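Student: What follows is a protein structure lacking sequence information:
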């Protein structure tokens, strides 16, 4: 009985430590960070899509919660972070990578720099 409790406690600790790790990593990123900074924090992306000077990297975590996958989309414009979005998938019998959504470029964050004369 004692061993069963220890084994259950270890399994629970491992499951809970995995929860939110993708979110925790993403909080270390800031607008304007470079791709190199993202790679050092998040590692290589699970999916990468390009359109002109824009790029979107997607990361996924399997088993992020009870029955769903957790995703982060990191948007780049001219090689720097312009935004970060997230979504979840709970399709039965799916894997993290097979449920990655195609990028909708109309959802990309807009970056506008205003230039004023002085």
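Tutor: Perfect, thanks for sending it. For clarity, every value in this text was computed on a predicted model and none was experimentally measured.
Student: Buried residues, stretch 87-98. List them.
Tutor: Of all the residues in stretch 87-98, those buried under the rule 16 or more other C-beta atoms under 10 Å are 89, 96. Bear in mind the C-beta positions are built from the backbone N, C-alpha and C, glycine included.
Student: scratch that, stretch 32-52 is what I was asking about
Tutor: For stretch 32-52, burial by neighbour count (16+ other C-beta under 10 Å) applies to 33, 38, 42, 45, 46, 47.
Student: I'd like the average pLDDT over that stretch.
Tutor: The average pLDDT within stretch 32-52 is 96.
Student: just the strands in the chain please.
Tutor: With DSSP state E as the criterion, the chain has strands at 47-51, 54-61, 69-77, 80-89.
Student: Let me have these in a markdown table, adding distance to residue 98 as columns.
Tutor: Output for the strands of the chain, formatted as a markdown table (distance: least, C-beta to C-beta, whole Å):
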| stretch | distance to residue 98 |
| --- | --- |
| strand 47-51 | 11 |
| strand 54-61 | 10 |
| strand 69-77 | 9 |
| strand 80-89 | 9 |
